[in-house]
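S.K.: got a predicted structure here, sequence first:
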Amino acid sequence: MPAPQANKRVKVRRLSSLDFIGSEAFQLPPHGDPSRPKGIPEDHTKKWTVYVRQPEGDPDLRTWLNKVQFKIFNTYENPLRTCESPPFEVSETGWGGFTIDIRLHFQPLSGEKAQYRQHFLQLENYGTEAQQAQQKASGLVRAEFLEVVQFNEPTEALYEALTAEDQWSYLLLGKGAGGGKKAAMAAMGANGRPKRGFAGGERAAQLPEKGGEDVPYSQEQELQLMQLFKDKIGVVEKELEEEAKKRAETEAKLKALREELGHEAAQQASQQASGDRSRRR
């Protein structure tokens, strides 16, 4: 069998990979506290890390991701940071949040151009009262989003890489998110295969068809979410239809009133109604 080509495309195929883009922020001890690390500016109140990570138990990011560039605020020394190997993250200290530009560079075999993302560095507690209370108690503020990177008609070489079982080899080597043999064992199912990516035994880089306790993302859940969106859109469209019907009825009543009162009286009533609306605004 000939080797897969890095420029020939696999037609009518689309592969997807998942990654987390996010940040974590920790409260620093106040200035003068013996436990405060040395060399940190007095006005810096947080230690933070911005990152690109794979979901726990997912295929190795390095299958398709070559390097990540983070463009942080220009007051930092060397604001353009490049990570060419895991962990793809940057850590600093500061006192205020800002938007970070992130550039994802793909492996050369993909034949794809780099893609841009943005992430706001969240340093202060946010969310519901319960969430803020939990953040305050733990001293940790985490803000992250699950990103879906899609490859439409991938190269033969990328298709081969994203459908190969050795994407999960790092788990067997104990290089998972938790590290060590325990993390590798936790990531394995009863059949000896990784819990993620092989639900039902299928071999694919796509989302597995069925969800389950060990499969947080699946095509089944995706379809359910799409149906939820359709249902909500239907509710909104029905409300718009009702509003349009009410408007038509109101216009019909105004037309009948104009005909009954005559042109001059109708014009006066219309002007008065317009003035009432202006005052309400």
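M.R.: In hand now; what should we look at?
S.K.: name the next helix or strand downstream of whichever helix or strand residue 137 is part of, please.
M.R.: Counting by DSSP states H and E, the element that carries residue 137 is helix 129-138. Next in sequence after helix 129-138, counting helices and strands by DSSP H and E, comes strand 140-152.
S.K.: strand partners (parallel or antiparallel) of that following strand?
M.R.: Next to strand 140-152 in the sheet, as set by DSSP bridges, lie strand 14-27 (antiparallel).
S.K.: rewinding a little: for the helix holding residue 137, which positions count as buried?
M.R.: Burial within helix 129-138, assessed by neighbour count using 16 or more other Cβ atoms under 10 Å, is assigned to residue 135. Every C-beta, even on glycine, is put in place using the N, C-alpha and C of the backbone.
S.K.: now do stretch 42-55
M.R.: 44, 45, 46, 47, 48, 49, 50, 51, 52, 53, 54.
S.K.: and for stretch 99-115?
M.R.: In stretch 99-115, counting by 16+ other Cβ under 10 Å, buried: 100, 102, 104, 105, 106, 107, 109, 110, 111, 112.
S.K.: just the pLDDT for the fifth one.
M.R.: At residue 106 the predicted local confidence, pLDDT, stands at 96.
S.K.: before we move on, the earlier item: any chance of a markdown table for the buried residues of stretch 42-55, columns secondary structure?
M.R.: Formatted as a markdown table, the buried residues of stretch 42-55 follow (DSSP: H, G, I helix; E, B strand; the rest coil):
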| residue | secondary structure |
| --- | --- |
| 44 | coil |
| 45 | coil |
| 46 | strand |
| 47 | strand |
| 48 | strand |
| 49 | strand |
| 50 | strand |
| 51 | strand |
| 52 | strand |
| 53 | strand |
| 54 | coil |
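S.K.: out of the residues you listed, who's nearest residue 23?
M.R.: residue 50 (4.5 Å; Cβ to Cβ).
S.K.: roughly how far does the closest one sit from residue 72?
M.R.: 7 Å (Cβ to Cβ, to the nearest Å).
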